[in-house]
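> Sequence first, predicted model second:
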Amino acid sequence: MDNLENEKEIAKSIRKAAILKNWKLFKQSRLGMVGLYIVAFFFILTILQPILFITGIWDEGTYHPVVGYVDQTQDFLIVECPKEFPTEKYEKRSDCPGRKEVNIKTLFYADGEVGETIQLNLQPAPPSRDHILGTDSLGRDVFSQIMEGSQVAFLLGILSATLGVGISTILGTIAAFFGGRIDAYLMRQSDLVLMLPTLPLLFIISAFAELKIWHLAVVLGTIGGLGGSVITIKSQALQVKVKPFVDSARITGGSQMKILFSHVLPNVAPLALLFMVFSVTGAIASESVLSFLGLLNIEMSWGLMIYLAQVEGYIFSGLKYWWLILPAGLSVTFLTGGFYLVGRGLDEVFNPRLRKR
C-alpha cells in the first residue's frame, strides 16, 4: 500500500515538473504571450459585466445589452434654411448652421412649424463619459454589447472546441490502436467530412433548423471532431503505440483498455490541446459570419452588432458612426488572433522540431 502511494506521489511530482517546464517554454514565445494577454483581456470583459450588474454599478435598465435604453433626446428649434444657401451643402446635413436647430425640410414628420421647438432622439449617440463606446440606434450601450459578445464567443468557442477535440482524440487513438477495418472506416469518414464545405453546410442547417449558441457549438464540434484532426491525432497515436513503455505495459499483462487510456491517450493529449486552441478561432469566426447573415437565433453577439449596423445603413457611412462597426469587428479580429497566437506558442512547446532546448 505504501509503495502504491509513493508511486502516485512520484507520478504527481513528475506531472507538476512537466507543467512547470512547459510553462517556462511557453513564456519564451513572444507570440504566445501576446495571444495570452489578448485572450485574458477579453476574459476579463466576460466576467466584468455580471460583476457591474451585481454590484449595482450599472443599472440593467440602462446598460442591459438587449433591452437597456439610454434616453438621449434634445430640444431643437425648427428653422428653414435660407434659399441663398447652396442646396447640396445642406442636403448632406440634417440641420442648418448653429447648434440646436433643425431644418424643417429634413424632418420625416411635420408636427411643428418654423419657430417652434421639437424634441428629437439623438441615437446613435457618440462615446461619452457614461457610455465609453456610445450607444446604438436603439439606445443600447455598445460597450455592454461588446462584453455580452465576449461571453458568447468564449462559450461557443470552448464548448465546440472541447467537443470536437474530444471526438477526434478518441477516434484517432482508436484508429491507431486497433487498426484494420476500424481504422479504414474512420479514415474514410474523415475524408468525407473534409470534402464538405463547412460554411455552406451551416447555411443549409440553419435554413432547416433554428440554431442557437449551444446548437451551433454541437454542430461545429461534431464537424470538427470527425474531420482532419482525426487523421493527425491518429498519426501521433501511432508513434506512441510503438514506444517502449507501451510494450512494457503490454508484457506485464496490461489490458488493451488500460494501455489505451493510461498510456496512449495521455501522450496524445498535448497535441489535442493544441488542436483545441486552434478550433476556438474557427468557431468564433463561424458564429460571426452566421450572425452577420441573420442565420442565428441569438440575442446579442459581435456578428449581430455588425449585422444591425449594416441593416440600418450605418456601415456605409464611413467613420461617422465608427463605434457601431469598429468595436465589434476589432473584437472578432483580436480574439480569434489571440487564440491563434496562443496556439502558435503551444506549438513551440509540444512540437519537438520547434521546441527550444
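That came through fine.

> Please, where are all the strands along this protein?
Using DSSP state E, the strands of the chain run over residues 73-79, 101-103, 117-121.

> For the stretch 101-250 of the chain, give me the ranges with low pLDDT.
Within the stretch 101-250 of the chain, the ranges that satisfy pLDDT under 70 run 101-121, 245-247, 249.

> if we go to 50?
In the predicted model of the stretch 101-250 of the chain, no residue satisfies pLDDT under 50.

> which stretches of it form helices?
Assignment of helices within the stretch 101-250 of the chain using DSSP state H, counting those that start in this stretch yields the ranges 142-178, 180-195, 198-208, 213-225, 228-241, 244-251.

> So which of these is nearest Gly345?
For those, proximity to Gly345 was assessed by C-beta to C-beta; helix 142-178 is nearest, at 16.5 Å. C-betas here are computed from N, CA, C, even on glycine.

> quick revisit: now the helices of the stretch 101-250 of the chain in TSV, with mean neighbour count and distance to Val39?
Below are the helices of the stretch 101-250 of the chain laid out as TSV (neighbours: other C-beta atoms under 10 Å; distance: least, C-beta to C-beta, whole Å):
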stretch	mean neighbour count	distance to Val39
helix 142-178	23	9
helix 180-195	14	28
helix 198-208	13	23
helix 213-225	20	18
helix 228-241	20	21
helix 244-251	12	34
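
> My guess is Ser137 contacts Glu312. True?
Yes. At 5.5 Å, Ser137 and Glu312 qualify as touching, with contact defined as C-beta atoms under 8 Å.

> Just give me the neighbour total for Ile298.
Ile298 has 18 neighbours, counted by other C-beta atoms under 10 Å.

> ok, it - contacts?
Counting by C-beta atoms under 8 Å, 6 or more residues apart in numbering, Ile298 touches Val152, Lys212, Ile213, Ser291, Leu304.

> Which two among the residues you listed are spaced furthest apart?
Across the contacts of Ile298, the longest distance by C-beta to C-beta is 12.8 Å; it joins Lys212 and Leu304.

> more neighbours, those two?
Set side by side, Lys212 and Leu304 show more neighbours around Leu304, with 23 against 12, by other C-beta under 10 Å.

> What count of nearby residues applies to the residue nearest to that one when sequence neighbours are not counted?
Nearest residue to Leu304, sequence neighbours excluded (C-beta to C-beta, 6 or more residues apart in numbering): Ser291, at 4.4 Å. Using other C-beta under 10 Å, Ser291 is surrounded by 25 other residues.

> Also Met257?
9.

> how many neighbours does Tyr37 have?
Counted with other C-beta under 10 Å, residues neighbouring Tyr37 total 12.

> Number of residues surrounding Leu293?
By other C-beta under 10 Å, the residues close to Leu293 number 14.

> Look up how far Ile44 lies from it.
Going from Leu293 to Ile44 by C-beta to C-beta, to the nearest Å gives 30 Å.

> What of Ser288?
Distance, Ser288 to Ile44, using C-beta to C-beta: 21 Å.

> Neighbour count for the two, which is higher?
Neighbours of Ser288 and Ile44, each counted by other C-beta under 10 Å, are more numerous for Ser288; the result is 28 against 12.
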